[in-house]
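J.: Quick one: sequence and predicted model below, then my questions.
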Amino acid sequence: MSMRTPLKTIRYLGSAKDGTSHFWQQRLTAVANVPLVIGFVILVIMLSGATHAEFVATAGSPLGAVFLIAAVLSVTWHMRLGMQVVIEDYIHSEGLKIVLILGNTFFTAAIALVSVFSILKLSFGG
Amino acid sequence: MSETTPNSNPRIGADRPLSPHLQVYRPLFTMMMSIVHRITGVGLYFGMFLLAWWLFAAASGPDYFNWVQGAFGSWFGQVILFGFTWALLHHMLGGLRHFVWDTGRGFGQVARETMAKATLAGSVILTVVVWIIGYMVR
């Protein structure tokens, strides 16, 4: 007969202690994404057949660069939150889940870093 | 008998009633739209690689940028980008639907069916409009 109390088996399996912050950030970035995505679609239409010089002039202009960086940051943060939920919903093996959640952060951070650096280079470095 | 980890606890694997999951339901339109919202989200997640690639190519110089522009302009690239556009607009309109639900409205049978149909129709129409404009200004 086990001498352990039932509390032992359920401790640390409950709430993540961060309340509604995940949900709130998901919605916050979703609200930001609406105008950013609409502007992004318009920008892509403008640049779809652009030469390199045209692309640099538009995407690297102060307005274009600030707008693109805002869009990239909001979208990648939203992506990270969304994919985390998908992983938590479908992956039940604890080890794989942790690996994928780490990978999720690395992937979204890489997308953000590559994009932001590229935009800054277009803007500052030509 | 030792019960050291939660997984080795025989009570956790016991025959308990499970909550009903997808396979016990008849497919419903709103349910399919919910699934599509998630699938488009996952698709966009990986599709964002294309944006990073485009920007990276522009930062790398004219030669590489022209090559990437050529790849995006090929028929295969255009099919991918058309799908990306639809997924983006569908996910955005689906998000607007969630904002309505967040206010506590739109849960009635008529409202949720109407919003689901508007999301689907709107995403297809907007995608076509965006691409027509895209080819016109090119």
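T.: Structure received. Just so it is clear, the model here is predicted, and its values are computed rather than measured.
J.: Relative to residue A:88, how far out is residue A:49?
T.: Separation of residue A:49 from residue A:88 (CB to CB, to the nearest Å) stands at 41 Å. Using the backbone N, CA and C atoms, a C-beta is placed for each residue, glycine as well.
J.: Residue B:78 now?
T.: From residue B:78 to residue A:88 the distance is 35 Å (CB to CB).
J.: Low-confidence regions, the chain specifically.
T.: Picking chain A for this. Within chain A, the stretches with pLDDT under 70 are A:1, A:126.
J.: think we crossed wires, I meant chain B
T.: Along chain B, the model assigns pLDDT under 70 to residues B:1-16.
J.: and it, which of its residues are near chain A?
T.: B:1-3, B:6, B:9, B:12, B:38, B:41-42, B:44-45, B:48-49, B:51-52, B:55-56, B:58-59, B:61-62, B:65-66, B:69, B:72-73, B:85, B:88-89, B:92, B:95-96, B:98-99, B:102, B:130, B:133-134, B:137-138 (CB under 8 Å from any CB of the partner chain).
J.: So which of these are in helices?
T.: The helices, defined by DSSP state H, take in B:38, B:41-42, B:44-45, B:48-49, B:51-52, B:55-56, B:58-59, B:62, B:65-66, B:69, B:72-73, B:85, B:88-89, B:92, B:95-96, B:98-99, B:102, B:130, B:133-134 from the residues of chain B next to chain A.
J.: Around residue 101, how many other residues sit close by?
T.: In the absence of a named chain, this looks at chain A. By other CB atoms under 10 Å in any protein chain shown, the residues close to residue A:101 number 16.
J.: sorry, should have said chain B
T.: Applying other CB under 10 Å, we find 13 residues neighbouring residue B:101.
J.: From what I see, it and residue B:111 are in contact.
T.: No - Residue B:101 is beyond contact range of residue B:111, at 9.5 Å (criterion: CB atoms under 8 Å).
J.: Just the buried residues of the biggest helix by length in chain A, please?
T.: Scanning chain A for the helix with the most residues, using DSSP H, yields helix A:62-90. By 16 or more other CB atoms under 10 Å in any protein chain shown, the buried positions in helix A:62-90 come out as A:64-65, A:67-69, A:71-84, A:86-87.
J.: Same question for stretch B:50-67.
T.: B:50-59, B:65.
J.: contact partners of that stretch?
T.: The contact list for stretch B:50-67, computed with CB atoms under 8 Å, 6 or more residues apart in numbering or on different chains, reads A:51-53, A:55-56, A:59, A:68, A:72, A:110-111, A:114-115, A:117-119, A:121-122, A:125, B:68-69, B:72, B:80-81, B:84.
J.: how does it look with 7 Å?
T.: Contact with stretch B:50-67 is made by A:52, A:55-56, A:59, A:111, A:114-115, A:118-119, A:121-122, B:68, B:84, as judged by CB atoms under 7 Å, 6 or more residues apart in numbering or on different chains.
J.: same deal with stretch A:93-103?
T.: Against stretch A:93-103 from outside (CB under 7 Å, 6+ apart): A:84, A:87-88, A:91.
J.: Tell me the buried residues in that stretch?
T.: Neighbour-count burial for stretch A:93-103 [16+ other CB under 10 Å]: A:100-101.
J.: Just the CA coordinates for it, please, in CSV.
T.: Extracted in CSV, the C-alpha atoms of stretch A:93-103 (Å, rounded to 0.1, in the frame of the first residue of the first chain):
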residue,chain,number,x,y,z
SER,A,93,4.4,13.2,-24.9
GLU,A,94,6.0,15.5,-22.3
GLY,A,95,9.5,15.3,-23.8
LEU,A,96,8.5,16.0,-27.4
LYS,A,97,6.2,18.7,-26.3
ILE,A,98,9.0,20.6,-24.6
VAL,A,99,11.3,20.2,-27.6
LEU,A,100,8.6,21.5,-30.0
ILE,A,101,7.7,24.4,-27.7
LEU,A,102,11.4,25.3,-27.6
GLY,A,103,11.6,24.9,-31.4
